[in-house]
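Visitor: Structure here, sequence nowhere to be found:
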């Protein structure tokens, strides 16, 4: 099915592909879209959803409006070596990541603008991984001997425009951690056979948050790690991975960007080359010196420069700031497409072993009858605190059938949730792409590893493409194992699998999640939920709670309903130290004015 996405199609077609750019983001996105039409459609669909989102309402609803909310993203750095001296030391990588975070929180110093001087905090923090994919302790820095497999790498490096070195696909195959849990950064010796001692030219590139997992990452030249003259390559590239374009997008060093003409009133502004309103239109400023002042005439924007000549996403000799509009777009697009990374435990120290979900007694689903780019299967599953956006079955994911997310309990909270019997009915929301899907779902209530007829919670319901479709169900009052992780299975296919949760699929996918059911009551009717603020969630150490009247008491319970923290407040603001709690999901009960509300909170 084709979707008409007004000027976004023109916007995408106008992407520049100059091989001489410092950043190869546009080129690699263009190549991806040319070879993978599903990835292109996913990008267009995401932009369409963003344009129909009330961003400020979205940010407020997700706790992102608070100045104290910071999303920690685990990063693993793959040092792609030539078998001799490591490209960079651990100390250099640690300092490099720390400097990126200082740019994001406006504390880097020098010419970098603080919030008082007009800078904007980007609420993301890259944290070197502390848990490996096998749930062992790690530094988050991996040394990889590339020349042992590809001898040409020592001189030719990584291909960007050339073909005589080693491709990014080949490098990924040598070392890659789950992109649902970690952000993968590849440090290479050089690009396109450029002499390794040469620090100019292409510095790196990164994938958009809408990309399939197989191409969501960044590749950068080793010299950028220690480049003190231009230390903003990592914050720039991760900016793309948050969803930001270059402000000169669709333009060049000699031509102003092409202003797209909106055909819907919801487009944010008339000149939207980077789809952000508070970044002025500009040519690429690559090699421009001295940079124009704000008072100078801007040939691309009659409103002036508005400091776009100092923007991190620009090509400029003096990167100093992000804008508020860039922050809002980045956070919204990232949460809509890569929220799972904010729920990852990969950046936290190991603490015990989480309980596991028992295996199924039936055989795992067999491969689909039909393989190819048919795009069947769930592309979103939401229930409780789970909101998993994923790719449908295509050749880019090898038409993988079963995604057993319950196996990731040690690494992330993104695929597990708690449901309370007292909050019946429950809601399971699903989405698919391109074609209508038949959805069925089961909850293994009695925890015996089998999906029985009485455990079917969605019975062969047809879901239209690109539509969030909710289904309601009620947890039974009897026959349910409480306080124990249970398996939820969701199937999307062309076939009706309601009678056989492990049956033959025609085109689609199966996804398994972890659900723990409790009997904890969540609220009393008189509590004003709209006046309650609780942040950050997930949290590492501190939980802030605000209410319109004095909060009498805060009680924190684990999934078994056992009280782990009780604190008397008697104030409209509360700060709770949860640093001693083990990573898990908890219920926070707020008591105020004789009423109460229980909120699910994830402790990372």
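Guide: Nice, thanks for sending it over. Only a predicted model underlies this, so the values are computations on that prediction, with no experimental measurement involved. Residues are numbered from 1 along each chain as shown.

Visitor: okay, now residue 207: neighbour count?
Guide: By the measure other CB atoms under 10 Å, the count of residues near residue 207 is 25. Backbone N, C-alpha and C define where each C-beta goes, glycine included.

Visitor: repeat for residue 299
Guide: Applying other CB under 10 Å, we find 11 residues neighbouring residue 299.

Visitor: Quick check: can you list the domain ranges of the chain?
Guide: Following automatic domain parsing, the chain resolves into domains at 6-250+324-338, 380-518, 529-603.

Visitor: Figure out which of these is closest to residue 298.
Guide: domain 6-250+324-338 (11.5 Å; CB to CB).

Visitor: And that closest one, how far out from the chain middle?
Guide: Computed by CA atoms, centre = their mean, to the nearest Å, the chain-centroid distance of domain 6-250+324-338 equals 12 Å.

Visitor: Could you tell me the phi and psi values at residue 88?
Guide: phi -140, psi 150 (degrees, to the nearest 10).

Visitor: need the least confident one among the domains of the chain, by mean pLDDT.
Guide: Note on the domains of the chain: lowest mean pLDDT is at domain 529-603, with a mean of 85.

Visitor: need the domains of the chain in JSON lines with distance to residue 346, can you?
Guide: Listed next are these as JSON lines, based on distance: least, CB to CB, whole Å:
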{"stretch": "domain 6-250+324-338", "distance to residue 346": "3"}
{"stretch": "domain 380-518", "distance to residue 346": "6"}
{"stretch": "domain 529-603", "distance to residue 346": "11"}
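
Visitor: closest one to residue 274 among the ones you listed?
Guide: Minimum separation from residue 274 across these (CB to CB) falls at domain 6-250+324-338, 4.0 Å.

Visitor: how deep is the closest residue to residue 198 other than its chain neighbours tucked in, by neighbour count?
Guide: For residue 198, ignoring the flanking residues on the chain, the nearest one in space by CB to CB, 6 or more residues apart in numbering is residue 190 at 7.5 Å. Applying other CB under 10 Å, we find 24 other residues in the vicinity of residue 190.

Visitor: and residue 190, how far is that from residue 234?
Guide: Here residue 190 is placed at a distance of 18 Å from residue 234 (CB to CB, to the nearest Å).

Visitor: now the helices for the stretch 101-250 of the chain?
Guide: 153-156, 168-174, 233-242 (DSSP state H, counting those that start in this stretch).

Visitor: ok, and which of those has the densest surroundings?
Guide: Most buried of the helices of the stretch 101-250 of the chain, by mean neighbour count (mean count of other CB atoms under 10 Å): helix 233-242, with a mean of 25.

Visitor: what residues does it touch?
Guide: Residues outside helix 233-242 that contact it (CB atoms under 8 Å, 6 or more residues apart in numbering): 23, 25, 96-97, 99-100, 103-104, 122, 124, 126, 183, 185, 203-209, 216-218, 220, 224, 227, 312-313, 319, 322, 326, 330-331, 333-334.

Visitor: When you filter these down to buried only, what's left?
Guide: 23, 25, 96-97, 99-100, 103-104, 122, 124, 126, 183, 185, 203-209, 216-218, 220, 224, 312-313, 319, 322, 326, 330-331, 333-334 (16 or more other CB atoms under 10 Å).

Visitor: Just these: which are in strands?
Guide: Using DSSP state E, the subset of the buried ones among the contacts of helix 233-242 located in strands is 124, 126, 183, 185, 204, 205, 206, 218, 220.

Visitor: Tell me what the fourth one is bridged to.
Guide: On DSSP bridges, the residues paired with residue 185 through beta bridges are residue 77, residue 218.

Visitor: Now for it: which residues touch it?
Guide: Contacts of residue 185 (CB under 8 Å, 6+ apart): 75, 76, 77, 78, 217, 218, 220, 234.

Visitor: in which helix or strand would I find the residue nearest to residue 494 when sequence neighbours are not counted?
Guide: Distances taken as CB to CB, 6+ apart put residue 506 closest to residue 494, at 4.2 Å, once the chain neighbours are dropped. Counting by DSSP states H and E, no helix or strand carries residue 506.

Visitor: next one: the one 5 residues further on
Guide: Assignment of secondary structure by DSSP H and E places residue 511 within strand 509-518.

Visitor: Quick check: buried residues in that strand?
Guide: 509, 510, 511, 512, 513, 514, 515, 516, 517, 518.

Visitor: Next: stretch 42-58.
Guide: Per 16+ other CB under 10 Å, stretch 42-58 contains these buried residues: 42, 43, 44, 45, 46, 47, 48, 50, 51, 55, 58.

Visitor: Surely residue 422 touches residue 482?
Guide: No - taking contacts as CB atoms under 8 Å, residue 422 lies outside contact range of residue 482: 11.8 Å.

Visitor: intersection of neighbour lists for these two?
Guide: Shared contacts of residue 422 and residue 482, counting by CB under 8 Å, 6+ apart, come down to residue 519.
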